[in-house]
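[1] 3D, please:
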Amino acid sequence: MALIFWDVIQYQRLLLMVIILGIGGSLQVGFQGSMITYASVHIKEFINETWLERFGHSVRPSTLTLLWSLVVSIFGLGGLLGSLSSGFLAAKYGKKNCFLGSNMLMVASALLLGFSKMARSVELILLGRFLCGIGTGVCIVLHPQYLGEVSPKNLRGFTSATTSMFWCLGKVLGQIMGLRELLGSRALWPVLLAFSGAAALVPLLTLPFFPESPPHLLLHKGDEEGCVKAMKTFWGEEPHQAELDDLQKERAALSSTQSKSFLELVKEPSLRWQLYILFVLAVTTQLSGIQAIYSYTFEVLQTAGFHLDQIPYLALGVSLCELLSTILCSFIIERFGRKVLLWAGYGLMGTMLAGITLALSLQPWFSWMPYCCLSLIFCFVFVFGMGPAGATISVRMEIFDQSSRAPAFAISGTLSWVGVFVIGMVFPLMVENFRHFSFLIFMGSLYTSGFIIYFFLPETKKKSILEIREEFDKLNFKKKQIPILEAKMTKDHELCTKL
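    Take a look at the predicted model:
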């Protein structure tokens, strides 16, 4: 941990980049996900008031529920659209320009949301939430890619893990600012909705002074001088020949530096197991139970026997616990590696869910069981933050090369947004039919994914993209040789020798 801390201090501009991208990226998603719960009462009142002004009567409960569901879900719809378009946009305009454009969209959405009450318009809330969803959908896909590409190998895991740390920070910030003592009041809820615009100003004012990522400059633009200059900007003035050599080898090995399309990615035999792992990671994140616990924290804690007035502060405590664990994860990921944090984390989380199910079952017989259940929820969230939360993001970035990374992240982002929507719709029905035994379904998913990761994911710690690719080729082609790549590399080597 001390070594990682010293490395971070050395790369001060890289650390500044981590903070800028975090504020404009995953922090926004965490904030939007948590603050909307605290603004819900006031938005529903506002919908009823505007309906009364326009039509002369109060809105029917069923219509109010439908409009409120639309306010919540339209953010996810925008996020899905942003994730789907992120690969194409990043390939055409570059990650830096896309990141800036998305944050400009979030500033525009903040203006719509901030003036919605003054304009007496529910439509502005819907449009603002939709535009904010598109912006965050693009940023959450580009954030870990950009971080991974501007980081040296020895810090790639640390920087990637900060994505989940800022996500948790956003959730905590949304919960704190959403308290009625701050911005969660009847008068200030539009300011709460518009806060994302203030956060988006940070990258808009600072990111233009930073270069594009070194891999993008060399592999997409062929600008070796610009690549070296970017390395020195992020990593200091000393020579970075080893990293440059890795990029040159990756450039030589790639048949095309242009970003692959979705169909090309799916059809590529050398990426078959990378896509399997990507699918497992994306699906397991949604089927781990973490999304269900966060989306229905109030209901879960109420079921556990806690009073309604205590629940907002207990929910804040759960989020603070995850924030602490993600900070610790960023410092241990380079020591323990991604693979161990994933399979061990999945196993421990599955065991915690079994314990939560047992605690909820025994609650009628023991008065202290609610506290046992709360402790297990804290442990579950802590383990998630310490392992899968950070390691998942790092692995997704490291198992794909420059030409396939953008569409792969677009696929992963799409799966995540769809998963959020499906879990949000299905989990209440699961609780209604299976009650606390619903968590056993998530437990089975975690154990299954843990076995898959243990047996089939190569360790990616401190390896170049080509080294990781060679590990996956053993799975993709098994005992077959890969003559084309080997011949190409040999030929390039011979030409270099002759010259």
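
[2] H240 is in contact with K232, correct?
    Yes - K232 is within contact range of H240, at 7.3 Å (criterion: Cβ atoms under 8 Å). Where you see a C-beta, it was placed from the backbone N, CA and C, and this is true even at glycine.

[3] Which residue of these two possesses the greater neighbour count?
    Neighbour count, other Cβ atoms under 10 Å: between K232 and H240, H240 has more, with 20 against 16.

[4] tell me the contacts of the more buried one?
    If you count contacts by Cβ atoms under 8 Å, 6 or more residues apart in numbering, H240 has them with P152, V228, M231, K232.

[5] 7 Å - rerun?
    M231 (Cβ atoms under 7 Å, 6 or more residues apart in numbering).

[6] hey, where'd the helices end up in the stretch 201-350 of the chain?
    214-215, 224-235, 241-253, 262-267, 272-286, 290-295, 297-303, 311-336, 338-362 (DSSP state H, counting those that start in this stretch).

[7] out of those helices, which comes closest to S109?
    helix 290-295 (22.2 Å; Cβ to Cβ).

[8] quick one: contacts for I333?
    G157, F158, A161, L341, G390, A391, S394.

[9] among these, which are in helices?
    G157, F158, A161, L341, G390, A391, S394 (DSSP state H).

[10] My guess is the third one contacts S330. True?
    Yes - with contact taken as Cβ atoms under 7 Å, A161 and S330 are classed as touching, separated by 4.0 Å.

[11] Tell me where the stretch 201-350 of the chain is predicted with low confidence.
    253-259, 292, 294-305 (pLDDT under 70).

[12] For the stretch 51-200 of the chain, which residues score under the pLDDT cut-off?
    Looking at the stretch 51-200 of the chain by pLDDT under 70, you get an empty list.

[13] can you give me the helices in it?
    Under DSSP H, counting those that start in this stretch, the stretch 51-200 of the chain gives helices at 61-93, 95-114, 116-119, 122-149, 156-177, 189-206.

[14] among these, which is nearest T285?
    helix 156-177 (10.3 Å).

[15] what angle sits between that closest one and helix 122-149?
    160 degrees (axes from the mean of the first three to the mean of the last three Cα atoms, to 10 degrees).

[16] for helix 156-177, packing partners?
    helix 12-24, helix 26-55, helix 122-149, helix 311-336, helix 388-398 (3 or more Cβ pairs under 7 Å, 6 or more residues apart in numbering; DSSP states H and E).

[17] what sits against Y313?
    Taking Cβ under 7 Å, 6+ apart as the definition, Y313 has no contacts.

[18] quick one: it from S325, how far?
    19 Å (Cβ to Cβ, to the nearest Å).

[19] count of neighbours near E238?
    9.

[20] try F366
    11.

[21] give me phi/psi at E459?
    phi -70, psi 130 (degrees, to the nearest 10).

[22] Next, work out how far apart it and S412 are.
    20 Å.

[23] The two - which one has more neighbours?
    More neighbours surround S412 than the other of E459 and S412, with 23 against 13 (other Cβ under 10 Å).

[24] Roughly how far does the more buried one sit from L278?
    From S412 to L278 the distance is 6 Å (Cβ to Cβ).

[25] List the residues that are in contact with both of those two.
    Jointly contacting S412 and L278 under the rule Cβ under 7 Å, 6+ apart are R396.

[26] re the thing from before, just the helices of the stretch 201-350 of the chain: most buried one?
    Compared across those, helix 214-215 shows the largest average neighbour count, a mean of 26 (mean count of other Cβ atoms under 10 Å).

[27] and it, what does it pack onto?
    So helix 214-215, by 3+ Cβ pairs under 7 Å, 6+ apart, packs with helix 224-235.

[28] Not counting the helix it packs on itself, show me its contacts.
    Contacts for helix 224-235 (Cβ under 7 Å, 6+ apart): 11, 13-14, 17, 150, 152, 211-214, 217-218, 240, 243-244, 247.

[29] Quick one: neighbours of the closest residue to R272 other than its chain neighbours, just the number.
    For R272, ignoring the flanking residues on the chain, the nearest one in space by Cβ to Cβ, 6 or more residues apart in numbering is N476 at 5.2 Å. Neighbours of N476 under the rule other Cβ under 10 Å: 18.

[30] ok, now which ones touch N476?
    Applying Cβ under 7 Å, 6+ apart to N476 gives the contacts P269, S270, R272, W273.

[31] can you list those in a markdown table and add distance to T206?
    Formatted as a markdown table, those follow (distance: Cβ to Cβ, whole Å):
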| residue | distance to T206 |
| --- | --- |
| P269 | 42 |
| S270 | 38 |
| R272 | 40 |
| W273 | 39 |
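
[32] Looking at the residues you listed, point me to the pair that's furthest apart.
    It's P269 and W273 that sit farthest apart of the contacts of N476, by Cβ to Cβ, at 9.9 Å.

[33] just to revisit the earlier point, turn the helices and strands packed on helix 156-177 into a markdown table, including distance to K92.
    As requested, the helices and strands packed on helix 156-177 are exported to a markdown table (distance: least, Cβ to Cβ, whole Å):
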| stretch | distance to K92 |
| --- | --- |
| helix 12-24 | 20 |
| helix 26-55 | 23 |
| helix 122-149 | 13 |
| helix 311-336 | 32 |
| helix 388-398 | 20 |
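
[34] Skip the chain neighbours and tell me the closest residue to P211.
    For P211, the spatially nearest residue (Cβ to Cβ, 6+ apart) is A230, at 4.2 Å.

[35] State the distance from that neighbour to Q241.
    15 Å.

[36] So for I399, which of the helices of the stretch 201-350 of the chain sits nearest?
    helix 272-286 (4.7 Å).

[37] tally of neighbours for P203?
    26.

[38] again but with P208, I slipped
    Neighbour tally, P208, other Cβ under 10 Å: 10.

[39] Spell out, range by range, the helices that occur in the stretch 351-499 of the chain.
    For the stretch 351-499 of the chain, applying DSSP H, counting those that start in this stretch gives helices covering 369-386, 388-398, 402-434, 439-456, 465-476, 483-498.

[40] any idea which of those helices scores lowest on pLDDT?
    Ranked by mean pLDDT, the helices of the stretch 351-499 of the chain bottom out at helix 483-498, which scores a mean of 43.

[41] tell me the contacts of L131?
    Applying Cβ under 7 Å, 6+ apart, we find L131 in contact with G78, L105, A108, S109.

[42] give me that answer again for 6 Å
    Going by Cβ atoms under 6 Å, 6 or more residues apart in numbering, L131 touches L105, S109.

[43] Check the one 4 residues further on too.
    Under the criterion of Cβ under 6 Å, 6+ apart, the neighbours of G135 are S102, L105, M106.
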